[in-house]
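Enquirer: sequence? don't have it. structure:
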């Protein structure tokens, strides 16, 4: 499974909290953690400061509370915990799947499960509300989809289309047909 991982497992950029204006970059590769910094200061003693870099293997990072504190201050506790987990070999493979593969997996879930999964993270919220997923759900649940229905769904969104009751859908289709006819009449004049 580790062979599926890219060389760079995590990359983040941040600025130290005020009053500092220093910039930081954090890279976690398969073998090491790299922290880079750029000192930004108007004070004369820091004007000649050069960018710096600190590299440690994963185990050394896990055992280095000073570097962990610095990462926590700049990038926050969530990022620090995530980096520590990466260094311990605790990878989130689901998060690393391509979007198309995750959408394919989501098509096998019940609607209640999709609703719950959309609350897990921003990534899953985006996927669970995507038109691609809801287009597949509509196609699976309907006997046939006409071109008018498809155009309306693309116009209002596939999820909205799915949850619209049949009576409202028929009204919207009539309105859509009327708009199409009017726009053709204008075009022909």
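Expert: All right, it came through fine. From a predicted model like this one, the values you see are computed outputs, not experimental measurements.
Enquirer: can you give me the helices in the protein?
Expert: Under the criterion DSSP state H, the chain contains helices at 58-62, 65-75, 77-87, 99-106, 111-117, 122-128, 131-141, 147-156, 158-163, 166-188.
Enquirer: Quick check: which of the ones you listed is nearest to residue 35?
Expert: Nearest to residue 35 among the helices of the chain is helix 65-75 (6.7 Å), distances taken as Cβ to Cβ. C-beta here means a position set from N, CA and C on the backbone, and glycine is covered the same way.
Enquirer: Residue ranges in this structure under the pLDDT threshold?
Expert: Applying pLDDT under 70 to the chain picks out residues 1-4, 42, 44, 46-47, 185-189.
Enquirer: how close does the residue nearest in space to the middle of the chain get to residue 164?
Expert: Centroid-nearest residue in the chain, with Cα atoms, centre = their mean: residue 123, separated by 3.8 Å. Distance, residue 123 to residue 164, using Cβ to Cβ, to the nearest Å: 27 Å.
Enquirer: likewise residue 138?
Expert: Relative to residue 164, and taking Cβ to Cβ, residue 138 is found at 11 Å.
Enquirer: Ok, residue 177 next?
Expert: 16 Å.
Enquirer: Give me the more crowded residue out of these two.
Expert: residue 164 (16 against 13; other Cβ atoms under 10 Å).
Enquirer: check contacts around the more buried one.
Expert: Residues in contact with residue 164 (Cβ atoms under 8 Å, 6 or more residues apart in numbering) are 156, 172.
Enquirer: what's the answer for residue 137, then?
Expert: Taking Cβ under 8 Å, 6+ apart, one finds 107, 111, 158, 162 in contact with residue 137.
Enquirer: Neighbours of the nearest residue to residue 119 once chain neighbours are set aside, how many?
Expert: Excluding its sequence neighbours, the residue lying closest to residue 119 (Cβ to Cβ, 6 or more residues apart in numbering) is residue 125, at 7.2 Å. Residues lying near residue 125 (other Cβ under 10 Å) number 13.
Enquirer: so residue 125 touches residue 116, yeah?
Expert: No: taking Cβ atoms under 8 Å as the definition, residue 125 is not a contact partner of residue 116, at 11.2 Å.
Enquirer: per the record, what domains does this protein have?
Expert: For the chain, automatic domain parsing gives the domain ranges 2-92, 95-188.
Enquirer: what does stretch 20-36 rub up against?
Expert: 2, 5, 7-16, 37-41, 51-58, 61, 67, 70-71, 74-75, 79, 83, 86-87.
Enquirer: which parts of that stretch are buried?
Expert: 22-29, 33-35 (16 or more other Cβ atoms under 10 Å).
Enquirer: repeat for stretch 49-62
Expert: 56, 58, 61-62.
Enquirer: Perfect, I'm done here.
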